[in-house]
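Undergrad: pasting the sequence and the predicted model now:
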Amino acid sequence: MKESLSQTLALRQQQTLSPLQVRFVRMLEMNGPEIEEEVRRELDDNPALEVADVGDMSDDESVFNESAEEMQLADYKDDDMPSYRLEARNHRVDDRYYEPTAVSAGHNIYETLMEQLGHTGLSPQEIEVARYLIGNIDDNGYMTRPLVSIGDDVAVKLGIDFSDDRLRAIFDVVRSLDPPGVGAVDLRDCLLLQVRRLPQTDDVKLARDILSHYFDLFSLKHYDRLRSALGVDSSALKRATDVIRSLNPKPGSALDDNDADTAMRVYPDFNVDVDGDKLTLTLLNNLPELQIEETFTKDVTGGGDVPSSRQREAETFIKTRRDDAESFIKMLKMRQATLYRIMSAIVGLQQEFFYTGDESRLRPMILKDVAAVSDDDISVISRVTSGKYVSTPWGVYPLKHFFNERHGEDDDTSTHEIIAVLREIIDGEDNKSPLSDEALTARLKKRGYTIARRTVAKYRERLGIPVARLRREL
């Protein structure tokens, strides 16, 4: 086939976002702490931007107030206002301080173990090896690498070539430190380390025997086979399993400041208060009132007919910075108004939940439903609700929690309602004979919820509830 070069002309439409639109979209996605940092950064970078004098408020730029809702309250004062009473409240520093949910711990596991090494009687060389071993223990207290590999690293990096027996002896010393169970190689090893340090009663000895020889049967809850293998009655087996359940499967997690669960902080972006028939929505950011710095509003041409090159450069600089500052102030106000408008729509659609805190009262709601009320694009609503939280009298919830699809096309039953009923059924079941997914499906059908067994299994897994066999108790 003969190759040839040719040119073609085609016409197509392509929509692109301007730099300002891209920045506005990014600001919509920011949560409270992120937008506060963005404002501080802009104040540092742009000399044309300053914090406005708000009268009786402090002149300190770190004192922020929230006034963006005032700009768009008129949008909610028409005949289409929802039947409940939704009021906006400016969030100022002197009103109310919202402390993020956080768990603070003391020392992390590495520091805790290192403090104990000086009391073990190990030699300086052995302590160096022990330090290296501790460095390979994760936040939950488990050893992350085989002892042989660590021994090779110690020989190369520290120049200490210990025999396998001596390395094992140092490892045993580390595993004897507090908290009990630290240095374990797996869950079974972790539980055994803890049970060996308990007073050796008959129940503890039986628990140790279960962990040593029948851990698979125990983990799969094959109690009949376990009772037969041990030659004990149900009462003795229950006492032994209670001992095992009292142990900590993650001995290091309670100590570690860096643990993902304990270090997570949630900063609510909104607050909803309930007072009788009145819902009060507050946008919770500590943002300042911004304005253009006075010197950037003046003419710098000096009044001459032909400005000099330096004057032209100064004028260009001032105009550029002033335009940037004006754009930023406008985008910030638009962001605040958009967030408040969309959250108002969510509160209006889910007002029964905000009044009662009953998750079964959450109605089916998708992005399109919010768009119909707020008149915003679906992509805007998705960005606004992503990664943001609302504080209510009933707890702190991610905004995504309020979205759920209809169970059926013509059915106004929400997923949350079905999940709440499913949880209620499982909570009320006989622990000695828990309900299978088929039985749960039948129970739901009796209550008027006709759904497939696989859907029941999906909802059960969403609740973090295991299958029936693993829910069985003695």
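TA: Done, it's in. Numbers count the residues shown, from 1 in each chain.
Undergrad: from now on I want contacts and neighbour counts done on CA atoms only, so please keep to that.
TA: OK.
Undergrad: count the residues that sit near Val129.
TA: Neighbourhood size, Val129 [other C-alpha atoms under 10 Å]: 24.
Undergrad: thinking it is in contact with Asp153, fair?
TA: No. Using C-alpha atoms under 8 Å as the test, Val129 is too far from Asp153 to be in contact (10.0 Å).
Undergrad: ok, which stretches of the stretch 101-250 of the chain are helices?
TA: For the stretch 101-250 of the chain, the helices defined by DSSP state H, counting those that start in this stretch occupy 109-117, 124-134, 147-153, 164-175, 187-195, 202-213, 215-219, 223-230, 234-245.
Undergrad: the fifth one: which residues count as buried?
TA: Counting neighbours by 16 or more other C-alpha atoms under 10 Å, one finds that the buried residues in helix 187-195 are Arg188, Asp189, Cys190, Leu191, Leu192, Leu193, Gln194, Val195.
Undergrad: angle of it against helix 234-245?
TA: Helix 187-195 and helix 234-245 are oriented at 100 degrees to each other (axes from the mean of the first three to the mean of the last three C-alpha atoms, to 10 degrees).
Undergrad: just the C-alpha atoms of helix 187-195, please, in PDB.
TA: This file holds the C-alpha atoms of helix 187-195, laid out as PDB (Å, rounded to 0.1, in the frame of the first residue of the first chain):
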ATOM      1  CA  LEU A 187      -3.200 -12.600  65.400                       C
ATOM      2  CA  ARG A 188      -2.900 -16.100  66.900                       C
ATOM      3  CA  ASP A 189       0.600 -15.300  68.200                       C
ATOM      4  CA  CYS A 190      -0.600 -11.900  69.500                       C
ATOM      5  CA  LEU A 191      -3.400 -13.500  71.600                       C
ATOM      6  CA  LEU A 192      -1.100 -16.300  72.800                       C
ATOM      7  CA  LEU A 193       1.500 -13.700  74.100                       C
ATOM      8  CA  GLN A 194      -1.300 -12.000  76.100                       C
ATOM      9  CA  VAL A 195      -2.900 -15.200  77.500                       C
END
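Undergrad: same for that helix, what does it pack against?
TA: If you count contacts as 3 or more C-alpha pairs under 8 Å, 6 or more residues apart in numbering; DSSP states H and E, helix 187-195 packs onto helix 202-213.
Undergrad: which helices and strands does the helix it packs on pack with?
TA: Using 3+ C-alpha pairs under 8 Å, 6+ apart, helix 202-213 is in contact with helix 187-195, helix 234-245.
Undergrad: what residues of it count as buried?
TA: Neighbour-count burial for helix 202-213 [16+ other C-alpha under 10 Å]: Asp203, Val204, Lys205, Leu206, Ala207, Arg208, Ile210, Leu211.
Undergrad: take those residues and write them to a markdown table, including pLDDT and distance to Val274.
TA: As requested, those are exported to a markdown table (pLDDT from 0 to 100; distance: C-alpha to C-alpha, whole Å):
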| residue | pLDDT | distance to Val274 |
| --- | --- | --- |
| Asp203 | 95 | 52 |
| Val204 | 94 | 51 |
| Lys205 | 95 | 55 |
| Leu206 | 96 | 54 |
| Ala207 | 95 | 51 |
| Arg208 | 96 | 53 |
| Ile210 | 95 | 53 |
| Leu211 | 96 | 52 |
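Undergrad: end to end on stretch 229-236, go ahead and measure it.
TA: This stretch, stretch 229-236, spans 13 Å end to end (C-alpha to C-alpha, to the nearest Å).
Undergrad: hmm, who's touching it?
TA: Stretch 229-236 is contacted from outside by Asp203, Arg227, Leu474, using C-alpha atoms under 8 Å, 6 or more residues apart in numbering.
Undergrad: got it, and stretch 164-176?
TA: Stretch 164-176 has contacts (C-alpha under 8 Å, 6+ apart) with 113, 120, 126, 129-130, 133-134, 147-148, 151, 181-184, 193.
Undergrad: chain center to that stretch, what's the gap?
TA: When distances are taken as C-alpha atoms, centre = their mean, to the nearest Å, stretch 164-176 is centred 38 Å away from the chain's centroid.
Undergrad: so how far does stretch 119-128 reach from one end to the other?
TA: End residues of stretch 119-128 are separated by 14 Å (C-alpha to C-alpha).
Undergrad: now the helices for the stretch 301-450 of the chain?
TA: 309-349, 351-356, 367-374, 378-385, 415-427, 437-446.
Undergrad: hmm, Ile418 and Pro364 touching each other?
TA: No. Counting by C-alpha under 8 Å, Pro364 does not reach Ile418; the two are 11.3 Å apart.
Undergrad: got any ranges where the stretch 301-450 of the chain has weak pLDDT?
TA: 301-307, 406-414 (pLDDT under 70).
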